[in-house]
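Trainee: the following block contains a protein sequence and its predicted model.
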Amino acid sequence: MKIRQTGFLICIILAAIMIVSVSSVCAQETYQYTKGRALTEAEIEVQKSLEPKLKSLLDDDNSVPLKQANRKSGLQKKSGDLPFHYDAREESYNDLIKVKNQQSTGLCWAFAATTVAERTFLHNGKQHASAKSGVELSPAHLGYFLYNRENDPLGNTAKDKNIILEPDEDYTSLGGNGLMTLQGLANWGGFALESKAPFNDGMTKFFNKALAYDDEIRITNAEILDSADDVKRSVYENGAVMIAMYYGWEHMDYDTSAYYDASGNEGNNHMVTIVGWDDSYKKENFNSSGSSWLKTPEHDGAWIVQNSYSQDWGDNGYFYISYDDKSLYNAISLDLESENQYDYNYQYDGNASLSSILVYDGDKMANIYEVKGSKKMQKLEAVGFTEWAGGITSYNIKIYTDITDPEDPLSGAESASFDVSAKGKGYHSFSVPAESEILLDPGSRYSIVVTMKDQTQFGVESTYSSQDISFEAGQEADQSFLFRQNPQIWMDLYSSESKSSYCARIKGYTTVTNKNASDVEKNIVRYAGDTRYETALKAADALKTSLEVKDFSSIIVADGNNYPDALAGSYLAKVKKAPLILVDRSVTSEKMIGEYIEKNLSDEGIVYLLGGSDVVTERFEKSLKDTDVKRLAGDTRYETNLEILNEAKASKEDLLACTGEGFADSLSASAVGKPILLVDNRGLTKAQKTYLDKANVQDIYLIGGADVVSNKVGKELKSYDKDSKTERIAGDNRYKTSVAVAKAFFPDKCDTAVLAYGMKFPDGLAGGPLAISMGSPLLLVEDTAYADAKDYSQKTGINKLVVLGDTGVISDRTARAFFQ
């Protein structure tokens, strides 16, 4: 009996041992212990000793809480190409990444930012030329110069400061936040190499001010992500994201290096770097010991996070934060450019304040900058700005160059216009389209004008104090402007009252070219006088040089206040090798033109007056004493046109049919050197038909669309074409038609082109004969419409430009753009 009882007891003991054993195996399978087991109390105390005393991050009004993850299927619903698990520690470059130690400092935000930059830099394959074994960036440099600003290299931010108010605090102890960090980075206040500004365990209290802008890597975008899905996407594509959290030992399971704050009521006191995620990470890991103060989240899943407490802390410096954690805020991803692809950062917003102005669809923000820093021309490469609205917002960006009024951002030449969109709060930059290449002259001014297409909170610099820091903004008048749709007026954001003075956070990024303005301008000749009449005389002098004559055997004079007669006279000018000069009905004008004729007409020469005495007066005709004068005139512009053609004795020539009711197409056609027939859309006149019956016309070209030279007219002209057909040469507008004419009649390589203003005719009227003499096309342009002409010019090898009129109609910048 005793033997049986003993056997029974042994069975019970064995069963108990088996249960404990199974329980232990289950625990091992459920919990992901850092060391393969639970830590001892002594080991936990060592972990705690590595954690610095934390204080709250500096407040901001733009914080973005992280929305929870799509746990049901990872990112399968939204981004099916992403895995359920990703860990950047498994990337080949991870051996080049160091887990750093912030020691007792409050520089967690700077450590998180530099870690994100290092990982992003390597993740995207940007191996730094001077750091073949990886790139290590300086958190001390970022922290020091955020609070100890120096004026930027262009001298535009001298009075902008971020001042620590607490006398016992310095940059190592005060703390910061992600949003201030991105402002400092956008200002080129980092990232510098660790070797140039070593952290030295937080013992370095001062750095040489020459290091302030000695950065090796810069940001191009800094986006604040508001959803776990977006964070995953960014980590997968860029390698890391920095994020703010609340860290307290009471939420940390040291056995598993797993962290979960169930309340999120304590604000933020720490910044870390997310480097991956695991959708299947068991929720039980967050309370593996069944502790009364640790909480178990509702769902599985965790972020894989790099900390700045040294490799001896956590899982070799890493830990896991539950997807359910309520303290996660301001996840920020960075886009980087390496090797400093830009030379200058044009900015007025040097401090790190987080202010914004509410703007609406149609409102505009603008900054005007003076070009500084180099004696060479600079190329505007990109534009950047800050916005705090969140979501997707759309904008139009316009660049105006050669600003003439420092109080008006639109007072220059519109050099580029392009639409952009930004996703999420943060700093965004956008490249200037290649087709809008913009060269800036030293000492000139340019403006960046951002027009809102959505309601948004546009970032501005301002002066105010927050907690232990004071933001000081040194704005000045004529720097930054706001345009409201209601009322429609530009307002200078500067105010003598510092607390109501603002500056838009708009930046321009430039590179220095190897060009001097003079290098380009030597290929540009401008003929311009104070009036259209003086401009025409300068063009006449240029024609004399082009024809290599000392004087003219014929001079053609037309009315300067209207265009039909002058344009119709371009072929006569070719035949007679004559200039076409302009006159009006004033005594002063007639005297000036008379004197020119007297000096420049040969003894046996003849003067042709185009039009009746109502446009070129009899008084002027009589003043040309001892000069052979012939007036070519009819009762209408069309009859005058025929008189001119008859005088030119055009025969067996092609014919250009142009509208008589507008100048633009005829102006382009005047350089072709062929007879021009001015037509009315209603049909050919009897006199025109009679002329055409005798003219023996070859090919007929209709210049312009059917709205200016009607199909009806085209049909009538077919019977006079040698092949009984006509060809229409037209574009969508006058500028495209001008290029179409040039392509049709100057298809091959040309050395020179003549530029005339496309919106008014006076300066261009005298250009036809000059263009004909040089075998050059005449291209219509204006400062906001020259892209097609530039494209044609570059494809045909134009290496010289003749510009008609002053910079008020065609700016130097527009002319120079043809050689960019």
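Mentor: Nice, thanks for sending it over.
Trainee: what's the next secondary structure element after the lowest-mean-pLDDT helix or strand in the chain?
Mentor: Sorting the helices and strands of the chain by mean pLDDT, DSSP states H and E puts helix 2-30 at the bottom, at a mean of 45. Note on helix 2-30: by DSSP states H and E, the next helix or strand toward the C-terminus is helix 41-49.
Trainee: for that following helix, buried residues please.
Mentor: Within helix 41-49, the residues that count as buried by 16 or more other CB atoms under 10 Å are residue 47. For every residue, glycine as well, the C-beta is placed using N, CA and C.
Trainee: for this structure, give me the ranges with low pLDDT.
Mentor: Applying pLDDT under 70 to the chain picks out residues 1-29, 58-80, 126-133, 338-339, 498.
Trainee: domains of it?
Mentor: Listed domain ranges for the chain are 41-333, 342-515, 516-531+746-820, 532-745 (source: automatic domain parsing).
Trainee: kindly reformat those domains as a markdown table containing distance to residue 31.
Mentor: Listed next are these as a markdown table, based on distance: least, CB to CB, whole Å:
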| stretch | distance to residue 31 |
| --- | --- |
| domain 41-333 | 4 |
| domain 342-515 | 37 |
| domain 516-531+746-820 | 65 |
| domain 532-745 | 71 |
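Trainee: do you know which of those domains lies nearest residue 32?
Mentor: Of all the domains of the chain, domain 41-333 sits nearest to residue 32, with 5.2 Å by CB to CB.
Trainee: now do the helices in the stretch 101-250 of the chain.
Mentor: Assigned by DSSP state H, counting those that start in this stretch, the stretch 101-250 of the chain shows helices spanning 108-123, 139-147, 178-186, 228-238.
Trainee: save those as TSV, and put in distance to residue 315 and mean neighbour count too.
Mentor: Below are the helices of the stretch 101-250 of the chain laid out as TSV (distance: least, CB to CB, whole Å; neighbours: other CB atoms under 10 Å):
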stretch	distance to residue 315	mean neighbour count
helix 108-123	16	27
helix 139-147	22	26
helix 178-186	24	26
helix 228-238	17	21
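Trainee: nearest to residue 594, out of those?
Mentor: Of all these, helix 178-186 sits nearest to residue 594, with 64.3 Å by CB to CB.
Trainee: what angle sits between that closest one and helix 139-147?
Mentor: Helix 178-186 and helix 139-147 are oriented at 90 degrees to each other (axes from the mean of the first three to the mean of the last three CA atoms, to 10 degrees).
Trainee: what's helix 178-186 packed up against?
Mentor: Contacts defined by 3 or more CB pairs under 8 Å, 6 or more residues apart in numbering; DSSP states H and E place helix 178-186 against helix 108-123, helix 139-147, strand 217-225, strand 241-245, strand 329-338, strand 378-387, strand 426-431.
Trainee: in JSON lines: these, plus distance to residue 295.
Mentor: Listed next are the helices and strands packed on helix 178-186 as JSON lines, based on distance: least, CB to CB, whole Å:
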{"stretch": "helix 108-123", "distance to residue 295": "24"}
{"stretch": "helix 139-147", "distance to residue 295": "32"}
{"stretch": "strand 217-225", "distance to residue 295": "25"}
{"stretch": "strand 241-245", "distance to residue 295": "15"}
{"stretch": "strand 329-338", "distance to residue 295": "19"}
{"stretch": "strand 378-387", "distance to residue 295": "37"}
{"stretch": "strand 426-431", "distance to residue 295": "32"}
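Trainee: of all these, which lies closest to residue 814?
Mentor: Nearest of those (CB to CB): strand 378-387, 15.0 Å.
Trainee: next structured bit after the closest one?
Mentor: Counting by DSSP H and E, the element after strand 378-387 in chain order, helix or strand, is strand 392-401.
Trainee: how about that next one: buried residues?
Mentor: Neighbour-count burial for strand 392-401 [16+ other CB under 10 Å]: 393, 395, 397, 398, 399, 400, 401.
Trainee: surely the third one touches residue 383?
Mentor: Yes - counting by CB atoms under 8 Å, residue 397 sits close enough to residue 383 to count as a contact (5.6 Å).
Trainee: separation between the closest residue to residue 107 other than its chain neighbours and residue 337?
Mentor: Once flanking residues are discounted, residue 107 sits nearest to residue 143: 4.9 Å by CB to CB, 6 or more residues apart in numbering. From residue 143 over to residue 337 the distance is 22 Å, taken as CB to CB, to the nearest Å.
Trainee: now do residue 258
Mentor: Per CB to CB, residue 258 is found 37 Å from residue 337.
Trainee: same check, this time on residue 401
Mentor: Distance from residue 401 to residue 337, by CB to CB: 24 Å.
Trainee: can you check residue 528 too?
Mentor: Using CB to CB, one gets 42 Å for the distance from residue 528 to residue 337.
Trainee: please say which of these two ends up with more neighbours.
Mentor: residue 528 (19 against 16; other CB atoms under 10 Å).
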